[in-house]
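Asks: Next comes the sequence, and after it the predicted model I'd like to discuss.
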Amino acid sequence: MNYIKNNKNALIVLHEIYGINKFIEDVCVQYQKEDFDVYCPNLLDKECYSYEQANEAYDNFVKVIGFNIYELINDFINILKEKYEKVFILGFSVGATIAWRCSENDRCDGVIACYGSRIRDYVEVKPRCQVFLLFAEQDSFDVESTTKKLSKTNMVSYMTLKSNHGFMDAYSVHYNEEQAKKGHSYIKEFLIRNSRI
């Protein structure tokens, strides 16, 4: 799913285990309005899963897709970089972990990773672009310990918000409107700051 208006900068949006659902579509539309050409590759073998199919969606991601799919996203970054001045990635949950793994690609101009809980398995990644990590305070892992490990480079900044995993998704039971607004403002600020040529 792509939202193209021949802008000078591109944004790759990486979805959660559910696929390109209404939340991800809304995100794409939002950033296309912010003057990005938005690309949202479908990483699943089907259209999308419902929230009630979380276990099935997770199993599909782990057993069929896996985090090594970041290599395909890296190839896509390289293709887009031939056309755009700047290429950014915005990922949510598993998409955030994939985005984090792509931060070693020096052709990427910035990575935003929202509640990527499996980033903790890839703390050895050495970003070659600016990275902004947005975590939920109430997640399934030790957020503080992970952020300490990740913030040892000046390429990485992060914010932990008082919320649960999935707090930016208006269709999720974990949606937190106040924290989602904060999250979107941090993301916008990061993109504006790093979009300057």
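Replies: Received the coordinates, thanks.
Asks: Does the residue nearest in space to the middle of the chain belong to a helix, a strand or coil?
Replies: Residue closest to the mean C-alpha point of the chain, counted by Cα atoms, centre = their mean, is residue 91 at 1.0 Å. Under the three-state scheme (DSSP: H, G, I helix; E, B strand; the rest coil), residue 91 adopts strand.
Asks: With residue 137 instead?
Replies: Put simply, residue 137 is strand when judged by three-state DSSP.
Asks: Report the separation between it and residue 159.
Replies: 10 Å (Cβ to Cβ, to the nearest Å). Quick note: C-beta positions are derived from backbone N, CA and C, even for glycine.
Asks: now do residue 147
Replies: Distance, residue 147 to residue 159, using Cβ to Cβ: 9 Å.
Asks: Who has more neighbours out of the two?
Replies: Neighbours were counted for residue 147 and for residue 159 using other Cβ atoms under 10 Å; residue 147 has more, 17 against 14.
Asks: Let me see the backbone angles for the residue nearest to the more buried one when sequence neighbours are not counted.
Replies: Leaving aside its sequence neighbours, residue 147 sits nearest to residue 158 (Cβ to Cβ, 6 or more residues apart in numbering; 5.2 Å). When read as degrees, to the nearest 10, the backbone of residue 158 gives phi -150, psi 160.
Asks: Would you mind naming the residues that bridge with residue 158?
Replies: residue 133 (DSSP bridges).
Asks: check contacts around it.
Replies: By Cβ atoms under 8 Å, 6 or more residues apart in numbering, the contact list for residue 158 reads 132, 133, 134, 135, 147, 150, 151.
Asks: let's see 7 Å
Replies: 132, 133, 135, 147, 150, 151 (Cβ atoms under 7 Å, 6 or more residues apart in numbering).
Asks: I'd like a version of those residues in JSON lines, one that adds pLDDT as further columns.
Replies: Formatted as JSON lines, the contacts of residue 158 follow (pLDDT from 0 to 100):
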{"residue": "132", "pLDDT": "96"}
{"residue": "133", "pLDDT": "95"}
{"residue": "135", "pLDDT": "91"}
{"residue": "147", "pLDDT": "83"}
{"residue": "150", "pLDDT": "84"}
{"residue": "151", "pLDDT": "77"}
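Asks: wait, what's in contact with residue 108?
Replies: Contacts of residue 108 by Cβ under 7 Å, 6+ apart are 77, 87, 89, 102, 129.
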